[in-house]
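Engineer: model this:
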Amino acid sequence: MYNNINSMINLEWYRTFKAIYVHGTLTKASVALYSSQPGVSVHLNALESYIGKKLFERTSRKMIPTEEAKFLYEFIQESLSKLETAEQHFKKTTQEKNPSLNIGMCSETFQLIIEPELATLDFDLVARFGAHTDLIKDLNNGILDLVITPNEQIDKKSPVTYAAFSKEKIILVAGSKTDTKPIESLLRSQDLKGLEEVLQNYSWYSSSNEMEHFRRFWYDNFKQNASFKPNYILPSITSIIRSISNKDGLAIVPDFLCEDAINNEEIKVVWKGTKKTENTLYFASRTDLKFKKELAVIQDIFKSKMKSI
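Structural biologist: Below is the predicted model:
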């Protein structure tokens, strides 16, 4: 069936297919590709039309690969990875007069920390968004130069080093119009059982790629998993903050991503937990990085805007 697979005209169809396969949803794939969700859908439809086979079962939560998709992924993924590595290699060697740094992190961190400083940079910057595990793989393969990650992966054979630079605290926040008096009363009396029950009566917001924050905070403080799911699952933490600002609703988010909204009294801190739920943030970079000066510039921007350890 795939004997003539290499005759496909548009390489971006392959990239899009791989991103959907790896990330599981059109939304996450579009973020990883720095593309629009409609654009991702167009590429997938074109590929399915070309090969005459359905590659994914569409559900409300996830794109489930068919057997044809699994076969196609195994057929192309190694070649695609090599092409991406080659692309980055030759791109770097032809841009020596204008240094280019390839970085990876979550989109919210980029928007808050790096985006406002782009006009001040005297070098090119290519940003990639996605899951931390995928970004670290790209770093190991030489596609990325720097990754901001809460996960340190020690591997003596890897050319990647980790340097801790900050911590993000996971906190419970509420829109400014949320009636939090029942919560505050239970916190004063240290009635955690009652608090757990009351919290379930509120409207909750979370994001598809950050549910781990919600689960960890809940388990750290109540010693069991939440018996309910958030009412609204949004694409990003930025969307959550916008949705509850000056409105009603609860969310569990990293503190540094909502500092401005808190300072502007659009949202308020409700609870930091009886036990701190926090992540150490690391600069993960390659030991063979050529543009160390440019790397230092990006690191200094982070250090100037985030609390040091």
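Engineer: How about residue 284: which residues does it bridge to?
Structural biologist: Judged by DSSP bridges, the bridge partners of residue 284 are residue 147, residue 162.
Engineer: contacting residues around it?
Structural biologist: 136, 139, 146-149, 152, 160-162 (C-beta atoms under 8 Å, 6 or more residues apart in numbering). Yep, even glycine has a C-beta here, placed from its N, CA and C like the rest.
Engineer: and if we set it to 6 Å?
Structural biologist: Residue 284 makes contact with 139, 147, 149, 160, 162, according to C-beta atoms under 6 Å, 6 or more residues apart in numbering.
Engineer: Looking at neighbours, which among these is most surrounded?
Structural biologist: Among the contacts of residue 284, residue 147 has the most neighbours (other C-beta atoms under 10 Å), with 27 neighbours.
Engineer: Please tell me I have it right and that residue contacts residue 135.
Structural biologist: Yes. Between residue 147 and residue 135 there is a contact under C-beta atoms under 6 Å: 4.6 Å.
Engineer: Mutual contacts of those two, please.
Structural biologist: residue 104.
Engineer: Let me see the contact set for residue 222.
Structural biologist: Contact partners of residue 222, counting by C-beta under 6 Å, 6+ apart, are residue 196.
Engineer: 8 Å instead, please
Structural biologist: 192, 196 are the contacts of residue 222 under C-beta under 8 Å, 6+ apart.
Engineer: Likewise for residue 283?
Structural biologist: By C-beta under 8 Å, 6+ apart, the residues touching residue 283 are 146, 148, 162-163, 165, 299, 302.
Engineer: what's the closest non-adjacent residue to it?
Structural biologist: residue 163 (4.7 Å; C-beta to C-beta, 6 or more residues apart in numbering).
Engineer: ok, the one you found - contacts?
Structural biologist: Residue 163 neighbours (C-beta under 8 Å, 6+ apart): 282-283, 285.
Engineer: Find the nearest non-adjacent residue to the residue most central in space within the chain, please.
Structural biologist: For the chain, residue 106 is the residue whose C-alpha lies nearest the centre (C-alpha atoms, centre = their mean; 3.5 Å). Closest residue in space to residue 106, ignoring its immediate chain neighbours: residue 129 at 6.3 Å, by C-beta to C-beta, 6+ apart.
Engineer: swap in residue 175?
Structural biologist: Distances taken as C-beta to C-beta, 6+ apart place residue 244 nearest to residue 175, at 3.6 Å, with adjacent residues excluded.
Engineer: Name the next helix or strand downstream of the one helix or strand residue 28 maps to, please.
Structural biologist: If you go by DSSP states H and E, residue 28 is part of helix 26-32. Using DSSP H and E, the next helix or strand after helix 26-32 towards the C-terminus is helix 37-51.
Engineer: Check which residues of that next one are buried.
Structural biologist: Neighbour-count burial for helix 37-51 flags 40, 43-44, 46-48, 51 (criterion: 16 or more other C-beta atoms under 10 Å).
Engineer: Repeat that for stretch 274-290.
Structural biologist: 277-279, 281-286.
Engineer: how far does it sit from the chain's center?
Structural biologist: How far stretch 274-290 lies from its chain's middle: 14 Å, per C-alpha atoms, centre = their mean, to the nearest Å.
Engineer: For the residue nearest to residue 175, which residues are in contact?
Structural biologist: 173-175, 178, 205, 250-251, 267.
Engineer: Now do the least confident helix or strand in the chain by mean pLDDT against helix 37-51, angle only.
Structural biologist: Counting by mean pLDDT, DSSP states H and E, the chain has its least confident helix or strand at helix 67-93, which shows a mean of 78. Here the directions of helix 67-93 and helix 37-51 differ by 120 degrees (axes from the mean of the first three to the mean of the last three C-alpha atoms, to 10 degrees).
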